[in-house]
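# coords please:
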Amino acid sequence: MILDWFKNNKRKKLERHHFFTTISYWINIEIDNLPIKNECKKKVICLFLKIKYNIFSKNIKKIIASESTNCQDLEDIIIASFNECEVKARSEGIPDIFINKFRIWDHDHTKILIDSVDSIIRSNFYSTFEEKVAAILDLMIFSFRLTLVDVEKTINELNGELEKALEGTIFSM
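Down below sits the predicted model:
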């Protein structure tokens, strides 16, 4: 009974990890205030970032709320979330040219994140599932900050290509 309480308490702490408050702040305040002058591009970027951050937040919360202590489940959901973001972005009308170019810029950061998650999972330094999850969430904050940099690189490289792809879409209104 005491052991169950202790485990549940650790899970509750993970639910309050600063990853979630940081992501919430970015979604509700920072993203809408990015210094992007072109309103059409800004709409695309804001929607894309909100999709990504919401999907990851939702999926990580599910793992924490579950009774799983299998770190591989966490790694699998992180990898699946990247794909889910692209599918959702397309369904929301974000042009392939943006998604594909972003994937190129973000590839190295994504690979570093996944490799680091794998390293944390395999490490004997962290003694519990909860410690590993907390370390991974800390790492994800850093990685998602880099996403903002990758988005800026993406729009700067696309120049007129993105505007052309956005003509007549919900973003050009």
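# For whichever helix in the chain runs longest, which residues meet the burial criterion?
Identified as the longest helix of the chain according to DSSP state H is helix 129-158. Neighbour counts over helix 129-158 (16 or more other C-beta atoms under 10 Å) mark 129-130, 132-137, 139-140, 143-144, 146-147, 150-151, 154-155, 158 as buried. (C-beta placed from N, C-alpha, C; glycine too.)
# Can you name the element that comes right after it?
Elements were assigned by DSSP states H and E; along the chain past helix 129-158, the next helix or strand is helix 160-166.
# Contacts for that following helix, please.
Residues from elsewhere that reach helix 160-166 (C-beta atoms under 8 Å, 6 or more residues apart in numbering): N38, C40, K41, V44, P95, D96, I97, F98, I155, S172.
# do the same with stretch 84-92
Residues contacting stretch 84-92 (C-beta under 8 Å, 6+ apart): L47, F48, I51, K52, I55, F56, N59, D96, I99, R103.
# Identify the farthest-apart pair in those.
N59 and D96 (23.3 Å; C-beta to C-beta).
# what about these two, which has more around it?
N59 (16 against 11; other C-beta atoms under 10 Å).
# Quick one: residues contacting the more buried one.
N59 neighbours (C-beta under 8 Å, 6+ apart): I77, I78, A80, S81, E84.
# Tell me which helix or strand comes right after the lowest-mean-pLDDT helix or strand in the chain.
Using mean pLDDT, DSSP states H and E, helix 2-15 stands out as the lowest-scoring helix or strand of the chain, at a mean of 61. Counting by DSSP H and E, the next helix or strand C-terminal to helix 2-15 is helix 18-25.
# Much appreciated, bye for now.
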